[in-house]
Every structure is written in C-alpha cells, then in structure tokens.
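Student: Sequence first, predicted model second:
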Amino acid sequence: MKLLIASDAWHPQVNGVVRSLEQMVRRAPEHGFDTALLSVADFRSLPLPGYSEIRLALAGRDRVAERWAKERPSHVHIATEGPIGFAARRHCLANGLPFTTSYHTRFPEYLAARLPVPEAWSYAYLRRFHGAARGTMVSTTSLQAELEARGFTHLMRWTRGVDTERFRPAAPGELPPADLAGLPRPLFLYVGRLAVEKNLAAFLSLDLPGTKIVVGDGPDRARLQALAPDARFLGTRTGAALASVYAACDAFVFPSLTDTFGIVLLEAMACGLPIAAFPVPGPNDVLSGTRVGILDQDLRAAALAALRLSRPECRQEALRRGWDVSADQFFGNIIEAHGGERGTRNAA
C-alpha cells in the first residue's frame, strides 16, 4: 500500500504537525504502508508575509498530477488546509479519489488575531474543506465535540504521542546545558512557536522566582524579548538538545488558550517535568485524570504549585503515551475511511 501525505507543514518547520507526521512516516511500514510526501519541496514557494519561516507553495495542477502519476498512491491523507492541501483535495475530487484529512490548528482564531477576518468565515471554509473527506482526524474529545457543534462531520480520533527514549529525565551526573548552568532557580520553561496566538506574554509577565526559559523562534520574538529582558531566549532546539533543556528545568508553563493538543506537554512529562497551564481544551484533554499538572486561571499559582508535583510520576504518565498508540489510530482511520479496504493503486 502507498500512502500519499499532502502537507503544507514539513521540514525545516518545527511544530506539532511536523512531529506528528514524521512519526507516522517512521511507523508506516509496521502498518503495511509505504509513504510519499507532497510538500513545499515539490513546488516553487513564497515566504508567508509576516512569518518568513513558513513558505507558501505555488501548488500548480500539472505538478500535482505529475507527482500522483509517479507515486500512484492507494490512500491519500491531506494534513493541512493550505495551498498544498487544497491542491491535493482538488485533484482527488476531480478524479473521484477518496481521502482523509486532519484538523491540527485553530486557524480561524489565529487568523482573527492578525487580521479583521470573522471566525465564522474561516470556519465556513474549513467546514467545506473537510466536508469532502471520508474522515477528518482530530486529537481530542473536546475538539471533536467543538467541531461537531460547528457542523463538521465524519470526525475520527487521532491522539498524539511522545518518543520516550529521546525525551527522558537527566541521567545521574548528567550536566545541564551550558547556557542554563548557574541560573537562579527554579527554572520555568516554555517551548514552542513565538507567535501572538501562543499567548506567551501571559507567561513572561508573571512574577515568578528564579528564571524563565524560552525555547523556540517566530515572528513575535523581538517583542517578547523586549517585554521580558530577564528571560533567557535559547532559540530553536530539537532532539537531544531540546530534551536536555526540558530535563534541566523545574516546571513547564503552557500559556496557550488555543492549542488543539500540545505535543510539548507530553515531551515535558517524558523528561519528568510537571506542567502549569490554563484550564482550557488541549491541556484539559492531555492532563485530565492525572497528577502531573496544575490547571488554574491563575497561571502564577499553577506554576508555583507545579513545583511540588512528582517528577517520577510525570515520567510514568508519559510512558503510557507512546507514538505506537497514535500510529495504531492513524493507520486504522486510513483503512476505515476506505471502507476497510486496503486500497488499489491509481495513476490519476
């Protein structure tokens, strides 16, 4: 079987969508699939205005058809609603090909934070975009309920996971990263995109003891650094370098009000780091029923209370959230959306 994944988000971007898809690609052979990516690398592209780290593909019909003829996929998953996702959707509909989609990002809220575009308009577009799919994958029960209330149909659950071998507590005697050594403790950490929709100012403005650590980059970095000159901005970290930062800190603060899941929450837990967050969908879904995080409208109180939580218990909770469970759901949804069939290759 050949699964074509169409995504506007892929390397060199660093975000939850990319992390999720790369894990599915890695595990595809275990589920009987080869994979091919239709990504920005296949097209000419332009930087997104105001966010040059993201490039918008000029996804032409001929190039899409050429890739289809080369790959001859038996199954198609459209991961994003951008130019590449739209081009793949158009090709599938024109040729009568079934496909699945996934809903990763609260695009209407993010757009409304930057431009005077009513959320209702954006949701109408997304409802139409996903409505043509055999199934739309969502990460949590609360997001599923919210989208159903907005008229979305054929929703399927696809949870997220964490690599517990890469993200782990520091070994005995392991030194912290050099740029954290000697900083006043406790160390409160944020990891993620530095953009207005992440509500990072709510963390940086808190009156907390110790030091605030920020990992990530984005269009809001200069403003945020000016807001919190005493915070340490480390830029983008990945892999073992990121895991070592998690493991060296004392609590993870997640100020977002709009994330649909938050893979960084699982990464923090896997490194033994307790979490402080607002009681909103995303953190609620990830932390509900556990004792590894504090959810409170008072984010300062949550951050201070998180320091008293058990680091070993955080690790144990993360060990139950491996990517194998996520992959079982993802590939099960792909098969189910095709009527339980293994699919037939096509050259459309």
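Tutor: It's in.

Student: the helices in this structure, which residues?
Tutor: All helices of the chain, identified by DSSP state H, fall at 16-27, 61-71, 83-94, 107-114, 119-131, 141-149, 201-204, 221-227, 239-248, 263-270, 283-287, 299-306, 311-319, 323-337.

Student: Report the distance from the longest one to the chain centre.
Tutor: Meaning helix 323-337. 17 Å (CA atoms, centre = their mean, to the nearest Å).

Student: neighbouring contacts of it?
Tutor: Outside helix 323-337, the residues that touch it by CB atoms under 8 Å, 6 or more residues apart in numbering are 3, 20, 23-24, 27-28, 30-33, 75, 77, 98, 100, 133-135, 137, 156-163, 341-342. To be clear about C-beta, it is placed using only N, CA and C from the backbone, and glycine gets the same treatment.

Student: Lowest average pLDDT across the helices of the chain?
Tutor: When the helices of the chain are compared on mean pLDDT, helix 107-114 scores lowest, with a mean of 79.

Student: And that helix, what does it pack against?
Tutor: helix 119-131 (3 or more CB pairs under 8 Å, 6 or more residues apart in numbering; DSSP states H and E).

Student: From the contacts of helix 323-337, list just the buried residues.
Tutor: With burial judged by 16 or more other CB atoms under 10 Å, the buried subset of these is 3, 20, 23-24, 27-28, 31, 33, 75, 77, 98, 100, 133-135, 137, 156, 158-163.

Student: Among the residues you listed, which ones are in strands?
Tutor: When DSSP state E is applied, these are split such that 3, 75, 77, 100, 135, 137, 156 fall in strands.

Student: pLDDT and distance to Phe233 for these - can I get that in JSON lines?
Tutor: Supplementary listing: these in JSON lines, determined by pLDDT from 0 to 100; distance: CB to CB, whole Å:
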{"residue": "Leu3", "pLDDT": "98", "distance to Phe233": "38"}
{"residue": "His75", "pLDDT": "97", "distance to Phe233": "42"}
{"residue": "His77", "pLDDT": "98", "distance to Phe233": "35"}
{"residue": "Thr100", "pLDDT": "98", "distance to Phe233": "38"}
{"residue": "Gly135", "pLDDT": "97", "distance to Phe233": "40"}
{"residue": "Met137", "pLDDT": "98", "distance to Phe233": "34"}
{"residue": "Met156", "pLDDT": "97", "distance to Phe233": "38"}
